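J.: Got a predicted model here, sequence first, then my questions.
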Amino acid sequence: MAPAICDNRRMFNFKKRLANVRRQLTTSHQPANLLVSNRTNIFYLTGFTGSAGYLLVTPDQTTLLTDGRYTTQVQQECPSLDVEIQRHGETLIALLCRVLKQAKISELAFEAPSVSKATFDELESKLPQVSLIASSGLIESLRRIKDPQEIAAIRRSIRVNERTFEVIRAQMTGDLTEREIGFNLEHQMRQFGASRCCFEPIVAAGANAALPHATPGATRIGDHPLLLIDWGADLDHYASDLTRVLATSDKISAKFRKVYDTVLAAQLAAIDAIRPGAIASDVDEAAREVIADAGFGKRFTHSLGHGIGLEVHEGPGLRASQKTELKAGMVVTVEPGIYLPNWGGVRIEDDILVTPDGCEVLSELPKQLDACIVCV
Ligand code: ZN
Ligand code: ZN
């Protein structure tokens, strides 16, 4: 446990992230005190990986509140933080109330999406002197722009994800089931150092691939002409997310080729549109137009992509309703798809870094259809 804990501190600049939060609180005219309750945000700001706790950020103090299970862990993971541990018989909320009273805090922003109504009511009744201000997305908006250490971690996660796929592809035989391939993916990625899959891999043969989020089952892959695999690693806390479609024989139907090449052209058009200043919905539209022109407009049934980072799905989304301007340092997936019920589906997904003068495709697995044939 210990080496991984030290790695976090060496790898990530938590001090700078906390300074950014304080600056953001000031520029967005929010209270100077923020209660962080989202676990991913707590990790982002401190490196603390425990499952229970609050982080209180004030202009001159950062205090982590947690329970006795984490006394040693918190010293190792965040030795420079002030820490308050629940006393025997004290609840986490009671501890929070005690700390807020001691600090004489009168105005507190809280992360509304991760505070339940019950918790809010309890805080409000126990702290009549504190005005609680709902806040949303403040840290998430900072997390959208990755710093160099985060980009390096995402690159490592993608490399492991790609190497995993190469091994799985080389070992592929027709009698393997979707579920076995899903298991092999996870096993292999852990052998390469990932802590887990960052989502349940999607392994879908033939008609099952018409479901964008198919669950791997007992279908033998050799019985179907195509196999869709969507998989991602969690490495050093950062996610990767890729999709490839393999042809399981070199006899490729005209329909398969048309669908595949349309999706690939759509993906390349979208990647071409990614640069600082581009609007997320326009990038989505660039792919959608290619698919609509080929007559499959109604069969592209999901958004084009999403940000990746500490979470596999985070901002910014690449979709019609998202008017966000892309900025250098964002990392997004681009994953158009065409899904034809009772036939199958094709999705091609890569991870893209927005750079100061355009973008960089971080994933390098081949994606021309002729390079995606495995004769099982
Ligand atoms: Zn994916
Ligand atoms: Zn994705």
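T.: That came through, no problem. Ligands and ions are numbered 1, 2, ... in the order given.

J.: any idea how far the closest residue to ligand 1 within the stretch 51-200 of the chain is from Asp241?
T.: Closest residue of the stretch 51-200 of the chain to ligand 1, Cβ to the ion: Phe199 (7.3 Å). C-beta: built from backbone N, CA, C; applies to glycine. According to Cβ to Cβ, to the nearest Å, Phe199 stands 8 Å off from Asp241.

J.: Between those two, which is the more surrounded one?
T.: Asp241 (26 against 16; other Cβ atoms under 10 Å).

J.: So the more buried one sits against Val332, correct?
T.: No - the criterion here is Cβ atoms under 8 Å, and Asp241 misses it with Val332 at 9.9 Å.

J.: Pull up the overlap in contacts between those two.
T.: Common neighbours of Asp241 and Val332, counting by Cβ atoms under 8 Å, 6 or more residues apart in numbering, are Ile308, Asp351.

J.: In contact with Phe199, which residues are there?
T.: Gly232, Asp241, Val312.

J.: If we use 10 Å, what do you get?
T.: His213, Asp230, Trp231, Gly232, Asp234, Ala239, Asp241, Glu311, Val312, His313 (Cβ atoms under 10 Å, 6 or more residues apart in numbering).

J.: now do Gly317
T.: Taking Cβ under 10 Å, 6+ apart as the test, what Gly317 contacts is Ala280, Ser281, Asp284, Ser303, Leu304, Gly305, His306, Gly307, Thr324, Val332, Thr333.

J.: just those residues now: which is nearest Asn8?
T.: Gly307 (21.1 Å; Cβ to Cβ).

J.: Quick one: neighbours of the nearest residue in space to the closest one that is not next to it in sequence, just the number.
T.: Spatial nearest neighbour of Gly307, excluding adjacent residues (Cβ to Cβ, 6 or more residues apart in numbering): Glu314 at 4.5 Å. Counted with other Cβ under 10 Å, the neighbours of Glu314 add up to 18.

J.: I'd like the distance between Glu314 and His237.
T.: Distance from Glu314 to His237, by Cβ to Cβ: 13 Å.

J.: joint contacts of the two?
T.: Thr40.

J.: secondary structure class for Glu200?
T.: Assigned with DSSP: H, G, I helix; E, B strand; the rest coil, Glu200 falls in the coil class.

J.: give me the low-pLDDT residue ranges for this structure?
T.: Within the chain, the stretches falling below the threshold (pLDDT under 70) are 1-7, 9.

J.: domain parsing for it?
T.: Annotated domains of the chain cover 3-143, 148-371 [automatic domain parsing].

J.: got the ones you listed as a markdown table, with distance to ligand 2 columns?
T.: Below are the domains of the chain laid out as a markdown table (distance: least, Cβ to the ion, whole Å):
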| stretch | distance to ligand 2 |
| --- | --- |
| domain 3-143 | 17 |
| domain 148-371 | 4 |
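
J.: Which of those has the highest mean neighbour count?
T.: domain 148-371 (a mean of 19; mean count of other Cβ atoms under 10 Å).

J.: Can you tell me the centre-most residue of the protein?
T.: Val312 (1.7 Å; Cα atoms, centre = their mean).

J.: Do I have it right that it meets Leu235?
T.: No - with contact defined as Cβ atoms under 10 Å, Val312 does not count as touching Leu235 (12.0 Å).

J.: Mind listing the shared neighbours of those two?
T.: Cys198.

J.: What is the end-to-end distance of stretch 75-85?
T.: This stretch, stretch 75-85, spans 11 Å end to end (Cα to Cα, to the nearest Å).

J.: how close does Ser37 sit to Gly53?
T.: 9 Å.

J.: Return every residue with contacts to both of the two.
T.: Leu92, Leu96.

J.: Sketch out the strands for the stretch 201-350 of the chain, chain order is fine.
T.: For the stretch 201-350 of the chain, the strands defined by DSSP state E, counting those that start in this stretch occupy 202-205, 226-231, 233-235, 238-239, 242-247, 305-307, 314-318, 331-334, 337-340, 344-347, 350-355.

J.: Same list (these) but as a markdown table, adding distance to Ala294.
T.: Compiled in a markdown table, those are given as follows (distance: least, Cβ to Cβ, whole Å):
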| stretch | distance to Ala294 |
| --- | --- |
| strand 202-205 | 22 |
| strand 226-231 | 18 |
| strand 233-235 | 32 |
| strand 238-239 | 31 |
| strand 242-247 | 16 |
| strand 305-307 | 19 |
| strand 314-318 | 20 |
| strand 331-334 | 17 |
| strand 337-340 | 8 |
| strand 344-347 | 12 |
| strand 350-355 | 20 |
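
J.: Quick check: which of these is nearest to ligand 1?
T.: Checked against Cβ to the ion, the stretch from the strands of the stretch 201-350 of the chain lying closest is strand 226-231, at 4.0 Å.
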